[in-house]
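In: What shape does this take:
(chains A, B, C and D)
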Number of protein chains: 2
Amino acid sequence: MATPPTFKRLPRAVREQQMLDAAVKVFSRRGFHAASMDEIAEDAGISKPMVYAYLGTKEELFVACLHREGTRMMQAIAGAVAPDLPADERLWRGLRAFFGFVGAHRDGWAVLYRQARGEQPFARELAGMRARLVEVVAGMLDHALRAEGREVGETDLEVVAYALVGATESLADWLADHPDADPEKTATRMMNVAWLGAGQLLAGVTWHPRATPA
Amino acid sequence: MATPPTFKRLPRAVREQQMLDAAVKVFSRRGFHAASMDEIAEDAGISKPMVYAYLGTKEELFVACLHREGTRMMQAIAGAVAPDLPADERLWRGLRAFFGFVGAHRDGWAVLYRQARGEQPFARELAGMRARLVEVVAGMLDHALRAEGREVGETDLEVVAYALVGATESLADWLADHPDADPEKTATRMMNVAWLGAGQLLAGVTWHPRATPA
DNA sequence: GCGTAACCTTACGGGCGAGTAGGTATGCTC
DNA sequence: GAGCATACCTACTCGCCCGTAAGGTTACGC
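Out: Numbers count the residues shown, from 1 in each chain, chains lettered A, B, ... in the order given. Below you'll find the model as predicted:
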């Protein structure tokens, strides 16, 4: 026949990646429920049964997206952070890697951050990843604090780490919505907020309510 | 008949509030799509057609939830912040009001923060509220900076404000997941991070990358 | 060149849930 | 206590979309 049409036969591994790409794209735009398997299949240039054959049901497909994007992100960060560097250098490299990842994978970020958060079955999965990040940050703070001979309650540490992670995510979201923004510069800005604020804590400065009016 | 059953006839305004209460509850747990109008109606102790009669379609119902919770939150904050106070006092009161609101309306917060964010039609609505908050925070920073005779680019200001708002939201989320946590104390913690970090900026301290290795 | 296994399709079943049609009871006004 | 408006219900329609059955086509071993 003429036009042995664009339907090239491809090995499974390749198709799977194409499907995941399409799924991430569609899920990020529509959300889990509003996304249709038909649209994902069409966007991947393949028919629906193939998706079921390779990646399974819709939930499993979403989880697969979560895993791929989450792993990529974690590896990007872990790969940038050498454990024997001083704390601020580690933080800086981690932030740079993180914002770099978000800038390069906006769809993936949207799935991780905006979509998976609300839907019950997946929220736990995400909370786990987030918790690991918080733990790492808290560890860095704790390490730095002890080096100064100071110490802070575990909950306080966790909460501050939470705040820092939240601030970072928020900036990532800002970045995702401003395609022209520079990841590097955004990382520098975040570094300023984080390191300077943390520096105060390290120095033992604290704010407390004034007259404590009822 | 015996048992003139619990079906009391109630005026419209009351039912509407009950429905909104139920809707917020169900939406917060299930998310927009997974929530069913039947479940909302049942939870409100009423039948489905009443919901349609009073609040309209599912989307309209969700928007109504967004509006009620959003307005409540904004009013709680605005009511706590007197405009002629010093900046740190205003920030402190705003934070206290905010965390107080979240602690008292965890479901409402979940709808605003976790659910509305991903779904396309509503994201804009939310982004607007968020933008107003960011603007207010940026305004406070700018005001404080000018009082010190310093000045900062508009984008920088916006980005820092974004980070602070993000950190605050993140802590709110932490609060929502820890029912025993104290909103007041959480607000104090956030105040520490925000004010101390901001204080550094006010003082003109900045962090910058060291040797700038490629 | 022919079997066989993997790749890929069209076309359908079936359930779930948004939205509605049409009717019943209750309170309020005069 | 007749009339009317408003609160309220049961029971349906209908479309969308997940998931699958059954069959066609390309490559590859031998």
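In: quick one: the biggest helix by length in chain A near chain B?
Out: Ranked by residue count under DSSP state H, the longest helix found in chain A is helix A:120-147. Yes. Helix A:120-147 reaches chain B (CB under 8 Å from any CB of the partner chain) through A:Gln120. (C-beta placed from N, C-alpha, C; glycine too.)
In: by contact count, what packs against the helix or strand following that helix?
Out: As assigned by DSSP states H and E, the chain's next helix or strand after helix A:120-147 is helix A:154-177. Counting contacts by 3 or more CB pairs under 8 Å, 6 or more residues apart in numbering or on different chains; DSSP states H and E, helix A:154-177 packs against helix A:87-104, helix A:106-110, helix A:120-147, helix A:183-203, helix B:154-177, helix B:183-203.
In: Mean neighbour count added to those, as a markdown table?
Out: As requested, those are exported to a markdown table (neighbours: other CB atoms under 10 Å in any protein chain shown):
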| stretch | mean neighbour count |
| --- | --- |
| helix A:87-104 | 21 |
| helix A:106-110 | 21 |
| helix A:120-147 | 16 |
| helix A:183-203 | 21 |
| helix B:154-177 | 22 |
| helix B:183-203 | 21 |
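In: pLDDT on stretch A:110-118, on average?
Out: Averaged across stretch A:110-118, pLDDT comes to 91.
In: quick one: contacts of it?
Out: When contacts are defined by CB atoms under 8 Å, 6 or more residues apart in numbering or on different chains, stretch A:110-118 is touched by residues A:24, A:27-29, A:31-32, A:62, A:65-66, A:69-70, A:73, A:122-123, A:125-126, A:129, A:169, A:172-173, A:176, B:31, B:114-115, B:117-118.
In: Put the alpha carbons of that stretch into PDB.
Out: These are the backbone C-alpha positions of stretch A:110-118, laid out as PDB (Å, rounded to 0.1, in the frame of the first residue of the first chain):
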ATOM      1  CA  ALA A 110       1.200  20.200  37.700                       C
ATOM      2  CA  VAL A 111       0.100  16.600  38.100                       C
ATOM      3  CA  LEU A 112       2.200  16.100  41.200                       C
ATOM      4  CA  TYR A 113       1.300  19.300  42.900                       C
ATOM      5  CA  ARG A 114      -2.100  20.400  41.700                       C
ATOM      6  CA  GLN A 115      -3.900  17.200  40.800                       C
ATOM      7  CA  ALA A 116      -2.800  14.400  43.100                       C
ATOM      8  CA  ARG A 117      -3.200  16.500  46.200                       C
ATOM      9  CA  GLY A 118      -7.000  16.500  46.300                       C
END
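In: Is it in proximity to DNA strand D?
Out: No. Stretch A:110-118 lies out of reach of DNA strand D by CB under 7 Å from any atom of the strand, never closer than 14.0 Å.
In: close to DNA strand D, is stretch A:10-21?
Out: No. Judged by CB under 7 Å from any atom of the strand, stretch A:10-21 makes no contact with DNA strand D; its nearest approach is 9.3 Å.
In: So which residues on chain A come close to DNA strand D?
Out: Going by CB under 7 Å from any atom of the strand, the residues of chain A near DNA strand D are A:1, A:4, A:8-9, A:34-38, A:48-49, A:52, A:57-59.
In: thinking again about what came up before, tell me the angle the longest helix of chain A makes with helix A:154-177.
Out: 120 degrees (axes from the mean of the first three to the mean of the last three CA atoms, to 10 degrees).
In: Give me the helices and strands touching helix A:120-147, please.
Out: Partner elements for helix A:120-147 (3+ CB pairs under 8 Å, 6+ apart): helix A:58-80, helix A:87-104, helix A:154-177, helix A:183-203.
In: helices or strands up against the second one?
Out: By that I understand helix A:87-104. So helix A:87-104, by 3+ CB pairs under 8 Å, 6+ apart, packs with helix A:58-80, helix A:120-147, helix A:154-177, helix A:183-203.
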